[in-house]
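[1] how would this look folded up:
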Amino acid sequence: MLRFFLLAASTLFLSCFALGQSKPTPDLFPENLLQISATQAFSKYVFVVDKSLKKLMVYERDGESIRKVEEMDADIGKNRGPKEKQDDRATPEGIYFFQTKKTPPEIPFNVYGKMAFTLDYPNLFDRKDGKTGYGIWLHSVPDNVPLTRGSRGCVVVRNDNITKLEKYISLKQTPILIFDHIKYVTMEEHNKIRDEKARFLKEWVTAWESKDMDRYLSFYDKSFTAPGGFNFKSWKRHKQKLKNLYSMIQVKLAQPFLLVHNDEMIIKTLQKYVSDRHTDYGIKVIYARLIDGHYKIIREEWTPAKETGESITSTNSQAMRDSSLSRN
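    As a prediction, the model looks like this:
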């Protein structure tokens, strides 16, 4: 039986603040969902930026709930709207991950203060949309520099705050979601959106396990890609081959990490794949986009992991990844 934890509503509810208010509003919840997994393979924290309020917030997994642990003022790009091209001085909007840490003398203190963290802009969604530019960071500024001057597109905080934020960042793992403004909805509306995301994953797994190829492939966009040079057509041939090879397939997902930004969704989950001829365990990352009212998977990635969720890092990891991809 598929252990599908995405439906656990208690893990979805954030400590919410209504737009423009500074006091908790427990009757409202973010329209864009956020779930932080309990596995050590994923980050315990997620950063959220509201550009309209110039606020940066950090949410933490707290048992089966999520709570806000930091909120601070932040500066953004001089120009409004999402970043579209190089030198437009706008801050991008989307789901990004911290990549590297920089400190003086690698970076000038008079410009970036004590510390900076690079982001992976442009991400997969940005590149598909033809967005350009680079060098988008979360960084600090010296105390004598106004936090209201407007950046070249980066998210900027005070020196003392970047020191606070450092402890929440795991490079390559911790996400930062940047919104023009964060919308809040009632519990009923929130639950409806949550159930839609849960249904997408559950139906995808059901189609995969039942080997219903038409239904399974309907979850994929024609622009789909995967490591190993797969596109939609070669992925279809690959899955058809496995359907004929295996008499049974079982897919178990647990501990999902769900990130949503408008029509974009990233799901990170631990996946156990079982067939009559092969079993493996790994981290599955799904990139999906809302197209004509339905989520479509535009990319999948898989890396081997232990059942504890700990990533396998050995000289044989690439071979294991390639071998497993050819099976599942």
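[2] For stretch 174-188, list every residue counted as buried.
    174, 175, 176, 177, 178, 179, 180, 182, 184, 185 (16 or more other Cβ atoms under 10 Å). The way it works is simple: take the backbone N, C-alpha and C, and place the C-beta from them, glycine included.
[3] Does the longest helix along the chain pack against any helices or strands, and if so which?
    If you go by DSSP state H, the chain has its longest helix at helix 187-210. Other elements packing on helix 187-210 under the criterion 3 or more Cβ pairs under 8 Å, 6 or more residues apart in numbering; DSSP states H and E are strand 28-30, helix 213-217, strand 249-261.
[4] Can you say which of the ones you listed is packed in most?
    Of all the helices and strands packed on helix 187-210, strand 28-30 carries the top mean neighbour count, a mean of 22, counting by mean count of other Cβ atoms under 10 Å.
[5] low pLDDT regions in the stretch 201-328 of the chain?
    255, 308-328 (pLDDT under 70).
[6] those helices in it, which residues are they?
    Remark: helices assigned in the stretch 201-328 of the chain by DSSP state H, counting those that start in this stretch are 213-217, 232-245, 317-325.
[7] before we move on, what about the stretch 1-150 of the chain?
    Using DSSP H, counting those that start in this stretch, helices in the stretch 1-150 of the chain cover 109-112, 124-128.
[8] Would you mind finding the most buried of those?
    helix 124-128 (a mean of 17).
[9] looking only at pLDDT, what's the mean for that helix?
    For helix 124-128, mean pLDDT rounds to 96.
[10] And for stretch 173-183?
    For stretch 173-183, the per-residue pLDDT averages 92.
[11] measure it end to end?
    25 Å (Cα to Cα, to the nearest Å).
[12] contacting residues around that stretch?
    For stretch 173-183, contacts defined as Cβ atoms under 8 Å, 6 or more residues apart in numbering pick out 19, 30-32, 34, 42-43, 45-53, 81-82, 91-98, 119, 138, 155, 168, 259, 261, 266.
[13] Run the chain-centre distance for that stretch.
    Between the centre of stretch 173-183 and the centre of its chain there are 10 Å (Cα atoms, centre = their mean, to the nearest Å).
[14] The nearest residue to residue 245 once chain neighbours are set aside - how many residues pack around it?
    Counting by Cβ to Cβ, 6 or more residues apart in numbering, residue 277 is the residue found nearest to residue 245 once chain neighbours are left out, at 7.1 Å. Residue 277: 11 surrounding residues under other Cβ atoms under 10 Å.
[15] Nothing else from me, thank you.
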